[in-house]
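K.L.:
Sequence first, predicted coordinates after that:
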Amino acid sequence: EAGVTQFPSHSVIEKGQTVTLRCDPISGHDNLYWYRRVMGKEIKFLLHFVKESKQDESGMPNNRFLAERTGGTYSTLKVQPAELEDSGVYFCASSHQEGGEETQYFGPGTRLLVL
Amino acid sequence: GDSVTQMEGPVTLSEEAFLTINCTYTATGYPSLFWYVQYPGEGLQLLLKATKADDKGSNKGFEATYRKETTSFHLEKGSVQVSDSAVYFCALSPAGAGGTSYGKLTFGQGTILTVHP
C-alpha cells in the first residue's frame, strides 16, 4: 500500500511569489491534515479535511493560505503571496478512523524556503 | 488548550547506552499519546502509541507508558544503536466522547538524538 506522498519535496521561492503544495493521502483515508514545522520549533496543526469538507481550519495562520481538497482525494495548499516567515517544512497526514481510534500517517514533507 | 512538553535536546549517547526522553502533557480527559520519529532525510513515522491510562506502547525496542497521574509518556530504550539517531516527537490527540480520540495532533518541540559508535 502506498503511503502519503507530497510534492514538491523542496521549493525555493522569493517573497511575494505563489507556491502550491500537493498531498496525496493513503487511498481510502477520509481524514487529511496539514501541519507545519517552522525553524526547528514544534510541529503545528494547520487544518483538517474530512473528505472534501474542512472540519477544522483553526490553525491556518492568515488568509494568504488556501487549502482545497476537491473530490475528497488529494489536497493542495497554496500560499499567496509568500512571506519570509512562511519558510518551514509542511507535512501532510492522512487517517481512517476505526473503532473510535485514529492513527495519522505522515508524508515526507515539503521544505519551503522563502527568500 | 492542549500542550506537550519534551525534554530539551540535543541528546548525545554512546551505542548501547540507556535512553530516556521525557514527555509531559496538558489536556482534558484521556487523550491518545504518540511518539513519532523522523530519521534524517525522511518524513515522520509512528513509533508507538498508547490510548488509555497505564497502557504501554512498544516498538523496535522502544517503550513508553501512559501515566495519567503524572501526565507523562516518557520514551525509553535499554540499548540504543547508531541507527536510532533521529528526531523524536511526542504528540497527543484530543479525547472525544465515549473514549474516542480523534483530530489534530499537538506536538512537542522534538528531541534530536545522536548515537555515536
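P.N.:
Thanks, I have it.

K.L.:
Low-confidence ranges, chain A, go.
P.N.:
In the predicted model, chain A carries pLDDT under 70 at residues A:1, A:100.

K.L.:
would you list every one of the strands in it?
P.N.:
A:5-7, A:10-13, A:19-24, A:31-37, A:43-50, A:53-56, A:65-68, A:75-79, A:88-95, A:105-106, A:110-114 (DSSP state E).

K.L.:
List the buried residues in the fifth one.
P.N.:
When you say that, I think you mean strand A:43-50. A:I43, A:K44, A:F45, A:L46, A:L47, A:H48, A:F49 (16 or more other C-beta atoms under 10 Å in any protein chain shown). (Each C-beta comes from the backbone N, C-alpha and C, glycine too.)

K.L.:
could I get the strands of chain A as CSV with distance to chain B?
P.N.:
Shown next, in CSV, are the strands of chain A (distance: least, C-beta to the nearest C-beta, whole Å):
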stretch, distance to chain B
strand A:5-7, 8
strand A:10-13, 12
strand A:19-24, 11
strand A:31-37, 7
strand A:43-50, 4
strand A:53-56, 6
strand A:65-68, 14
strand A:75-79, 15
strand A:88-95, 6
strand A:105-106, 4
strand A:110-114, 10
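
K.L.:
could I get those strands as JSON lines with distance to B:E8?
P.N.:
Shown next, in JSON lines, are the strands of chain A (distance: least, C-beta to C-beta, whole Å):
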{"stretch": "strand A:5-7", "distance to B:E8": "29"}
{"stretch": "strand A:10-13", "distance to B:E8": "28"}
{"stretch": "strand A:19-24", "distance to B:E8": "30"}
{"stretch": "strand A:31-37", "distance to B:E8": "16"}
{"stretch": "strand A:43-50", "distance to B:E8": "16"}
{"stretch": "strand A:53-56", "distance to B:E8": "29"}
{"stretch": "strand A:65-68", "distance to B:E8": "30"}
{"stretch": "strand A:75-79", "distance to B:E8": "30"}
{"stretch": "strand A:88-95", "distance to B:E8": "20"}
{"stretch": "strand A:105-106", "distance to B:E8": "23"}
{"stretch": "strand A:110-114", "distance to B:E8": "24"}
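
K.L.:
Alright, I will stop here.
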